[in-house]
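**Q** sequence and computational prediction follow.
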Amino acid sequence: MSGIQRKASRQVKFKRGSGAGGDGFARILANTGWLLGGKGVGAVLSLAYLAIVTRTLGVADFGRFALVLSAANVIKTLVSFDSWQIVVRYGQTHLADGNGDAVNRVLRFCILIDLASALAGGLIAALILLLFGDLLELGPGMGWQVWLFCMVMMVTIRSSPTGVLRLFDRFDSAAVAETMIPVGRMAGAAAALALIPTITGFLIAWGAAELLCAASYWWLALRVGGSRIGSWRAGRALDARRENPGIIGFLTATNLQTTLTSMGQQVAVLIVGGFVGPAGAGLYRLANQLANALTKISGLLSRSIFVELSRTQSSHGAEALDALFRRTSRLALLAGAVIITLILTIGRPLLGLVAGDDFLPAYPLLLLLGIAACVDLIGVSYRPLLMATDRAGLSLRITFIATLLLLCLQAALLPLYGTKGAATANVVAALAGFAMMSLASRGAVRARKPD
């Protein structure tokens, strides 16, 4: 049979929007719906607790609070691994083979990585506070409090239990666990307002919310996994390296990619703070938070898409993969257009409602950062596709170039245009990353198709 005949035969067997591709797309919508449900609760609560924090602390102290959060998130992002992708990617094969013990070894391997990350993060946080604490302008006696908050952020790395829930398509349980952060922050912000209306009080509230979320994730993951994730005494965790060829390379690529993406955003706040002070950093972070709140669907879609693209790639072939990729791309384009419209119409009133008139100068930043976030949303299918088709290295190189471009542009534009220049750098870097990811993804799809 010729290549053309084989291709025609596959097209007869597989119709777009049906079968494997249709089922995968339906699961993406369902799983994203669960995640959106949890994030919907979080979005509403985040507006409330942000209002409490900004109105209680004021522009300058909220800027200091924002710098602490950004520094902690930079460290956490630097040392943590997206080990949930390891659990999903390699656990699926062992689960299909009925080898629960191998799944357990993969899980324990990821737990070891998370623990090592927490230790490294604590050491880095201590070093940063010792060497650069004065630059954060935290005030006397705040160093130990900030370090303890960073340690809480490190020990609550919850990527491994997240992987278990996604491995078994329990996005509903993950959504419940994830809502513990906004619920905890809302309760903590109210308590801090009543008892300790200072940066210290809100740091305690944010740390307690992280602990509550991590505990919920582990409880639900162990309950869902049960006996299906095998025995916790079967073999050694490090045996996972031998049983899963390529796991170290995949782990390294995913970690560096996540680190570069997140650090580009978090370091931006620190760079802005260094150039324009805590007040400017506070305005920038508030605008960034609101823009990200309006585009949370990007991250939610990415998580659901990676799981389904990995499953489709391994089980259903190139035609199903292509169809699923195209449908998710169209969905992301529609979502991006809707969110841009929302930012243009309700962005300024929302900013004033949440933070008060003192923060209205952040609206141009909100608009620019929202556009950048929507560009990322429209290309949300690209990175999961490259990861699922064994092109993690290519995705990493593109992310590195986009992040480097972002930081260089910020360094160039901040002295000239202030925070607006920093926000404009985000838009340019997002467009460049989108163009590169688009070309790489389309090449990956073409390479998977038979001649």
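**A** Yes, it's here. Residues are numbered from 1 along each chain as shown.
**Q** from residue 327, how far out is residue 444?
**A** 16 Å (C-beta to C-beta, to the nearest Å). Where C-beta positions appear, they are placed from N, C-alpha and C, glycine not excepted.
**Q** can you pull out the helices in the stretch 201-350 of the chain?
**A** Secondary structure of the stretch 201-350 of the chain (DSSP state H, counting those that start in this stretch): helices located at 239-243, 247-294, 296-315, 318-355.
**Q** of those, which shows the lowest average pLDDT?
**A** Across those, helix 296-315 has the smallest mean pLDDT, namely a mean of 60.
**Q** low-scoring stretches of the stretch 51-200 of the chain, by residue?
**A** Applying pLDDT under 70 to the stretch 51-200 of the chain picks out residues 132-143.
**Q** which residue ranges of it form helices?
**A** In the stretch 51-200 of the chain, the helices defined using DSSP H, counting those that start in this stretch lie at 83-96, 100-132, 143-155, 159-167, 171-178, 180-195, 199-225.
**Q** tilt between the last one and helix 171-178?
**A** So the one you mean is helix 199-225. 160 degrees (axes from the mean of the first three to the mean of the last three C-alpha atoms, to 10 degrees).
**Q** next: the fourth one.
**A** Put simply, helix 159-167 runs at 150 degrees to helix 171-178, going by the same axes, to 10 degrees.
**Q** how far does helix 159-167 sit from its chain's centre?
**A** Using C-alpha atoms, centre = their mean, to the nearest Å, the distance from the centre of helix 159-167 to the centre of the chain it belongs to is 14 Å.
**Q** quick one: list the elements packing against it.
**A** Applying 3 or more C-beta pairs under 8 Å, 6 or more residues apart in numbering; DSSP states H and E, one finds that helix 159-167 contacts helix 83-96, helix 100-132, helix 171-178, helix 199-225.
**Q** with mean neighbour count as extra columns, can I get these in a markdown table?
**A** A markdown table is the format used below for those (neighbours: other C-beta atoms under 10 Å):
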| stretch | mean neighbour count |
| --- | --- |
| helix 83-96 | 23 |
| helix 100-132 | 19 |
| helix 171-178 | 22 |
| helix 199-225 | 20 |
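**Q** would you turn these into TSV with distance to residue 370?
**A** Formatted as TSV, the helices and strands packed on helix 159-167 follow (distance: least, C-beta to C-beta, whole Å):
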stretch	distance to residue 370
helix 83-96	27
helix 100-132	30
helix 171-178	22
helix 199-225	24
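**Q** between these, which one is closest to residue 438.
**A** helix 83-96 (21.7 Å; C-beta to C-beta).
**Q** coming back round to it: for residue 384, which of the helices and strands packed on helix 159-167 is the nearest?
**A** Among the helices and strands packed on helix 159-167, the nearest to residue 384 by C-beta to C-beta is helix 83-96 (9.4 Å).
**Q** can you say which of the helices of the stretch 51-200 of the chain is nearest to residue 391?
**A** helix 83-96 (13.3 Å).
**Q** and that closest one, how far out from the chain middle?
**A** On C-alpha atoms, centre = their mean, the centre of helix 83-96 falls 19 Å from the chain's centre.
**Q** contact partners of that helix?
**A** Residues outside helix 83-96 that contact it (C-beta atoms under 8 Å, 6 or more residues apart in numbering): 100, 102-103, 106-107, 109-110, 113-114, 159-160, 162-164, 166-167, 228, 240, 244, 247, 250-251, 254, 306-307, 310-311, 314, 387.
**Q** and with 7 Å instead?
**A** 102-103, 106-107, 110, 113-114, 159-160, 162-164, 166-167, 244, 247, 250-251, 254, 306-307, 310-311 (C-beta atoms under 7 Å, 6 or more residues apart in numbering).
**Q** likewise for stretch 116-133?
**A** 71, 75-76, 78-81, 143, 146-147, 150-151, 154-155, 157.
**Q** give me that answer again for 8 Å
**A** Against stretch 116-133 from outside (C-beta under 8 Å, 6+ apart): 71-72, 75-76, 78-81, 143, 146-147, 150-151, 153-155, 157.
**Q** what of stretch 434-446?
**A** 318, 321-322, 325, 375-376, 378-379, 381-383, 385-386, 389, 391, 394-395, 398, 401-402.
**Q** out of the residues you listed, which are buried?
**A** With neighbours counted by 16 or more other C-beta atoms under 10 Å, the contacts of stretch 434-446 contain buried members at 318, 321-322, 325, 375-376, 378-379, 381-383, 385-386, 389, 391, 394-395, 398, 402.
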